[in-house]
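1. Here's my sequence, what's the structure:
(one chain, ligands or ions: 1)
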Amino acid sequence: MTQPVPQPALPSRPARLTTLPAWKALEAHHQQTVSLHLRELFAADAERGERLSLEAAGLYLDYSKNLVADETLALLLQLARETGVEARRDAMFTGERINTTEDRAVLHTALRAPRGSEVLLDGHDVVPDVHQVLDRMSVFVEQVRARTWLGHTGKPIINVVNIGIGGSDLGPVMACRALEFYSDRQLTLRFVSNVDGSEFVEAVRDLNPEETLFIVSSKTFTTQETMANAQSARAWSLDALKDEAAVARHFVAVSTNADAVQAFGIDAASTFGFWDWVGGRYSLTSAIGLSLMLAVGPQHYFDLLAGFHDMDEHFRTAPLEQNMPVLMALIGLWHTDFLGAQTLAVLPYDHYLSQFPAYLQQLDMESNGKHVTLTGEAVDYQTGPVIWGQPGTNGQHAFYQLIHQGTRLIPCDFIGFIQTLNPLGGPLGHHHDLLMANVFAQTEALAFGKTLEQVLAEGVPGGLAPHRVFEGNRPTNTLLADRLTPRVLGALIALYEHKVFVQGAVWNINSFDQWGVELGKVLAGRIVPELSVRAEPELSHDSSTNALVRRYRAGRGS
Ligand code: G6Q
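-> Have a look, this model is predicted:
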């Protein structure tokens, strides 16, 4: 593992965030606007719904139903300027080592740079390297999809199991589900991430080892869960195929650690590499996307990359006032740091985006779940929110109650599409109209609510009336796109990547390390040998952990 070498790449902030003029002005502005209601904001400006909207990279963002006045937005943009967001953005795109605690550049945007463009890292153009791997992936993928990649016994591969966890799993899982409509339905694709053996057993239960290929996806190729699953996959394959040579036809690897891959028995020709400047949770567009490319084919995969690039270019070049990731980030920061919101609900109204909230949980919470600044001082403001959510309309019949009438402020992002991929009509109407009517109705109800007067005017008895009141004033963004295509998905993911980046830049934290994840990896490694019934009885943890380990050991021993 690389030892951290702190080397601040950018000049440190001249002042703490909370002492900056824009921050102070936002605090004062908050005091003045604390009782402002979205009803008033909309009543005062008939154009608000269209004025506070923006189009970029195939996405339409309506941010008018947020608790922001024009002055709020102006001050937030001033905050972005005072915190040097533009300089930090440019530093990322030009390969500066902005991940200071790991001394690494952060160049996932180079993964989707078009062939022929140039992205320099220490004077070396990385774009040809990126496209060389993409070309090798395409050749391999075409063989599998044409059924000419044969297993050890000569049968074509028709099952693919991706073994990986965290950043080496969540992106492909989410995107394979999101683009299922475009996928090869004859190819069975499974994902194994958890070290819980049940996941592996269930994933391969109905698969024939002769027709099954494993992709071992691990940047480091040392992650405990992935290595355990890869070893079990190897045993499962060889148990049936009875020949070590079978590994070459049934295993490929995606990793930056070529030596460890080779030690596992996968040769260089079946290894797809990437680079230390690609963070795990930003690695979907590296070779970590191999399972996705297998599912949807190279052309759809390249369309996805083009969508990422559309949003990268928008983020890199649009003025802050018209920059979608910047506006979403600043409004989110207003909710988190000034209005006291603790969470953000992400609510896609599309069955195919069912894994999108889970993917964003890692992207956002691992990136901005930080408590110290780049120079190591404790922050005196809130950083990344809790991200959660699930597809509509299911949530409406479950947790939306709390969003509408609970005591917490829960900003929401609604995501919907104008065209459905699966038109289905029926006596109650077109399914897609029913779905999208719910998006519009929910954001309207959350913003405007229903007053006591309105409830009483409806004839609701006085005693019941308070229960039927909706305060409204619940902030939402609505993202609309024409249709869920690979290109639109790419733009959508990149939108959130850059939103997270901007928030991290304002908060002056490192959005690109994950020492909390590293801690888990170390701690579990220490306890594993202690769980053996033959282990030394002496334990040196706290009394709770000692008792739990002893109880587990005793139970296993009996
Ligand atoms: C992501 C994190 C983490 C990582 C996994 C898997 O940003 O670093 O989720 O992706 O721990 O790591 P490997 O790819 O090295 O197995």
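2. Without its sequence neighbours, what residue ends up closest to the residue in the stretch 101-250 of the chain that the ligand sits nearest to?
-> Closest contact between the stretch 101-250 of the chain and the ligand, by Cβ to the nearest ligand atom, is at Gly166 (2.2 Å). Bear in mind the C-beta positions are built from the backbone N, C-alpha and C, glycine included. Nearest residue to Gly166 in three dimensions, chain neighbours excluded: Gly280, at 5.6 Å (Cβ to Cβ, 6 or more residues apart in numbering).
3. try Thr148
-> Counting by Cβ to Cβ, 6+ apart, Pro156 is the residue found nearest to Thr148 once chain neighbours are left out, at 7.3 Å.
4. do you know how far that neighbour is from Ser237?
-> Pro156 sits 16 Å away from Ser237 when distances are taken as Cβ to Cβ, to the nearest Å.
5. Between the two, which is the more surrounded one?
-> For Pro156 versus Ser237, neighbours defined as other Cβ atoms under 10 Å are more numerous around Ser237 (24 against 14).
6. shouldn't Ala91 be in contact with Ile98?
-> Yes: Ala91 is in contact with Ile98 according to Cβ atoms under 8 Å; the separation is 5.3 Å.
7. the more surrounded of those two?
-> Taking Ala91 and Ile98 together and counting by other Cβ under 10 Å, Ile98 has the greater number of neighbours (24 against 18).
8. Quick check: end-to-end length of stretch 85-105?
-> 17 Å (Cα to Cα, to the nearest Å).
9. Can you give the distance of that stretch from its chain's centre?
-> 20 Å (Cα atoms, centre = their mean, to the nearest Å).
10. Next: stretch 488-498.
-> The gap between where stretch 488-498 is centred and where its chain is centred comes out at 9 Å by Cα atoms, centre = their mean.
11. Does the ligand have contacts with it?
-> No: in terms of Cβ under 6 Å from any ligand atom, no part of stretch 488-498 sits within range of the ligand; the closest distance is 11.8 Å.
12. tell me the mean pLDDT for that stretch?
-> Per-residue pLDDT values over stretch 488-498 give a mean of 99.
13. Please identify the helix or strand for Val439.
-> In this assignment (DSSP states H and E), Val439 forms part of helix 431-448.
14. In that helix, which residues are buried?
-> With burial defined by 16 or more other Cβ atoms under 10 Å, the residues of helix 431-448 counted as buried are His432, Leu435, Met436, Asn438, Val439, Gln442, Thr443, Ala445, Leu446, Ala447, Phe448.
15. between those residues, which is nearest the ligand?
-> Val439 (30.9 Å).
16. ok, which stretches of the stretch 351-500 of the chain are helices?
-> 356-360, 367-368, 400-405, 431-448, 452-457, 486-507 (DSSP state H, counting those that start in this stretch).
17. Quick one: closest of those helices to His30.
-> When those are ranked by distance to His30, counting by Cβ to Cβ, first place goes to helix 486-507 at 16.1 Å.
18. need the next SSE after the closest one, C-terminal direction.
-> Scanning the chain past helix 486-507 towards its C-terminal end, the next helix or strand to appear is helix 515-527 (assignment: DSSP H and E).
19. list the helices and strands that following helix packs on?
-> Here helix 515-527 touches helix 224-241, going by 3 or more Cβ pairs under 8 Å, 6 or more residues apart in numbering; DSSP states H and E.
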